[in-house]
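# sequence and predicted structure, then a few things I'm wondering about:
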Amino acid sequence: MMKASPHQVAGHQALDGKLGPLIDAAGHFYKPLQGDERGLKEAAFYTAFSSNKSIPDHIRKFFPIFHGTQLLEASDGSGMHPHLVLQDLVSSRLSPSIMDIKVGSRTWPLQAPEDYIDKCLRKDRESTSLSLGFRISGLQVYGSKESGYWKPDKKTIKRFSAEDVRLVLRKFVSSNASADSGLDPDCCFASIVYGGSDGILAQLLELKAWFEEQTTYHFYSCSVLLIHDKELVLEGRSCGVEVKLIDFAHAVEGNGVIDHNFLGGLCSLIKFLSEVLEAPKCCTIKACPQVEEEP
Ligand SMILES: Nc1ncnc2c1ncn2[C@@H]1O[C@H](COP(=O)(O)OP(=O)(O)OP(=O)(O)O)[C@@H](O)[C@H]1O
Ligand SMILES: O=P(O)(O)O[C@@H]1[C@H](O)[C@H](O)[C@@H](OP(=O)(O)O)[C@H](OP(=O)(O)O)[C@H]1O
């Protein structure tokens with residue numbers, strides 16, 4: 001049975017009779033091809049990328065597995081519609097905390113139509129894209145069985161200032177993040193989620209090294225998805241920290257030129273996450289790895 005993903009944090013959603021992605025129980029994420037050229041472009045990107053032998057495995061792992069396209073009953077009731085069949089990146093999670101970060105100060109390719117550029121430029125200026133080189137497009141942070149998820153609405157996220165972004169990056173790895181929490185985020189999980197040899201920073205640095213060299217693709221309006229599962233940490237298991245790249249409707253050929261736009265945004269994000277890691281912590285919860293580290 002197909003249904004909307006309960007863990008989708010941004011983008012077009014299959015709600016209220018609208019066209020949006022669906023998931024199945026076998027771990028697939030079906031993204032409908034958007035009716036204009038965006039859908040075809042994204043399908044073309046996945047097709048080319050999947051068969052590009054020059055992509056090293058340690059970089060390919062950052063992309064969802066692509067299983068081709070498939071005609072499916074669309075979520076808006078409009079009948080059969082082509083969908084990208086992707087690996088569902090969160091289907092194996094218990095209670096995932098997820099953040100979608102659109103990377104790059106510019107979200108449009110040079111060859112885009114003028115009205116599209118105007119629309120994007122306005123959004124880039126009104127958000128932190130221009131000032132920080134990235135913007136948060138959506139997020140959910142798991143609190144506990146009792147409090148559930150903190151999942152701010154689209155309107156709130158759109159208004160995020162640079163200071164809000166700093167705070168949210170702290171809340172993402174805190175045990176006390178919730179809608180009404182006026183508490184200073186404890187950053188309890190920062191060392192295990194952002195730090196360490198398998199943490200988000202290490203993974204972003206691996207991606208950065210590739211972007212310093214690769215000149216095949218330019219990823220406009222593409223997002224990094226940061227995922228972790230703190231329920232697992234509290235159970236003393238590895239918290240499944242993952243970085244993935246998604247949304248390639250505006251990926252274009254790099255023609256031998258470094259993707260400075262994406263690379264710049266990535267460096268800025270790395271800097272912001274490093275700052276969270278370096279800041280003093282105030283965690284007191286028992287199962288927290290940080291507390292165990294203390295003498
Ligand atoms: N492969 C995937 N597995 C699980 N969740 C996914 C996957 N791809 C996307 N998502 C979820 O769907 C959201 C939107 O994805 P995506 O950006 O690809 O859609 P979109 O409609 O093109 O977005 P936008 O309108 O912002 O460009 C993401 O924030 C994420 O929560
Ligand atoms: O950030 P928001 O406000 O959710 O706005 C959406 C976001 O900018 C998407 O990136 C864009 O899709 P593209 O990047 O593919 O253009 C979409 O365009 P759309 O509404 O024309 O689909 C917007 O609605």
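Noted; the coordinates are in hand. Ligands and ions are numbered 1, 2, ... in the order given.

# what does the most centrally placed residue in the chain show for phi and psi?
In the chain, the residue lying closest to the centroid (CA atoms, centre = their mean) is Leu225, at 1.9 Å. For Leu225, the backbone dihedrals (degrees, to the nearest 10) come out as phi -100, psi 120.

# and the gap between it and ligand 2?
Spatial separation of Leu225 from ligand 2 under the definition CB to the nearest ligand atom, to the nearest Å is 14 Å. Using the backbone N, CA and C atoms, a C-beta is placed for each residue, glycine as well.

# surely that residue is in contact with Leu204?
No - with contact defined as CB atoms under 8 Å, Leu225 does not reach Leu204; the gap is 11.9 Å.

# quick check: neighbours shared by these two?
Counting by CB atoms under 8 Å, 6 or more residues apart in numbering, the contacts common to Leu225 and Leu204 are Val243.

# quick one: contacts for whichever residue of the stretch 101-250 of the chain sits closest to ligand 1?
When distances are taken as CB to the nearest ligand atom, the stretch 101-250 of the chain reaches nearest to ligand 1 at Asp247, 3.5 Å away. The neighbours of Asp247, taking CB under 8 Å, 6+ apart as the test, are 11, 42, 102, 221-223.

# what's the longest strand anywhere in the chain packed up against?
Using DSSP state E, we find that the single longest strand of the chain is strand 134-144. Counting contacts by 3 or more CB pairs under 8 Å, 6 or more residues apart in numbering; DSSP states H and E, strand 134-144 is packed against strand 97-103, strand 148-150, helix 154-158, helix 162-171, helix 260-278.

# looking at those, which is buried most?
Among those, judged by mean count of other CB atoms under 10 Å, the one packed with the most neighbours on average is strand 97-103 (a mean of 25).

# is it in proximity to ligand 1?
Yes - where contact is defined by CB under 6 Å from any ligand atom, part of strand 97-103 touches ligand 1, namely 98, 100.

# how about residues contacting the very next helix or strand once past that strand?
Downstream of strand 97-103, the first helix or strand assigned by DSSP states H and E is helix 114-126. With contacts defined as CB under 8 Å, 6+ apart, helix 114-126 is touched by 105-108, 112, 129-130, 135, 158, 221.

# so for helix 114-126, mean pLDDT?
Averaged over helix 114-126, pLDDT sits at 98.

# flag every residue of the chain that's near ligand 2.
With CB under 6 Å from any ligand atom as the criterion, the chain meets ligand 2 at residues 38, 123, 221, 249.

# any idea which of the residues you listed has the most stuff around it?
Within the residues of the chain next to ligand 2, Ser221 tops the neighbour count with 23 neighbours, counted by other CB atoms under 10 Å.
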